[in-house]
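no letters, just coordinates:
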Ligand SMILES: [Zn+2]
């Protein structure tokens, strides 16, 4: 426990080495002023030899060093359906077109979807990222 009057190892500029010093003043929980127990010189607390000794590498504050968020543990049905589909082949959704089971289409509002069921001649069920929708087609 560091406190005024206590001992701390500090660099002494006169002795040119790390020596036991007596703490004269603290700032927060760190010694601010110390005096050398060997030569009695008063100076500010220097935990390391200036310029020479490598500084102790402190653990860096976690800033932007965090990696990307972990992937979701389980793939949703949507992701499973779209896996392996070629998005470049996605058809722009149009009520005039006809779609078959498994077709990938792109809807202006819902994004990419996969046809999961053909209801009848005019309706298909399409699974989008936000859930299934029933769309008309083949008009
Ligand atoms: Zn000294």
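Arrived safely, thanks for sending. No experiment lies behind these values; they were computed from the predicted model shown.

show me where the chain has strands.
For the chain, the strands defined by DSSP state E occupy 7-12, 17-27, 30-36, 42-44, 91-92, 104-107, 111-118, 123-128, 131-136.

dump the ones you listed into a markdown table; add mean neighbour count, mean pLDDT and distance to residue 82 as well.
No exception for glycine: its C-beta is placed from N, CA and C like everyone else's. As requested, those are exported to a markdown table (neighbours: other C-beta atoms under 10 Å; pLDDT from 0 to 100; distance: least, C-beta to C-beta, whole Å):
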| stretch | mean neighbour count | mean pLDDT | distance to residue 82 |
| --- | --- | --- | --- |
| strand 7-12 | 18 | 96 | 62 |
| strand 17-27 | 16 | 96 | 59 |
| strand 30-36 | 18 | 96 | 56 |
| strand 42-44 | 13 | 96 | 63 |
| strand 91-92 | 10 | 94 | 14 |
| strand 104-107 | 18 | 94 | 7 |
| strand 111-118 | 18 | 94 | 6 |
| strand 123-128 | 20 | 95 | 9 |
| strand 131-136 | 14 | 94 | 14 |
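
residue 85 is nearest to which of those?
Nearest to residue 85, of all the strands of the chain, is strand 104-107, at 4.7 Å by C-beta to C-beta.

how far does that closest one sit from the chain's center?
Put simply, strand 104-107 sits 32 Å off its chain's centre (C-alpha atoms, centre = their mean, to the nearest Å).

each with direction, which strands does it pair with?
The pairing partners recorded for strand 104-107 under DSSP bridges are strand 91-92 (parallel), strand 111-118 (antiparallel).

what comes into contact with it?
82, 85-87, 89-93, 99, 112-115, 126, 128, 133, 135 (C-beta atoms under 8 Å, 6 or more residues apart in numbering).

repeat that with 10 Å
The contact list for strand 104-107, computed with C-beta atoms under 10 Å, 6 or more residues apart in numbering, reads 81-82, 85-94, 97, 99, 111-115, 124, 126, 128, 133, 135, 137.
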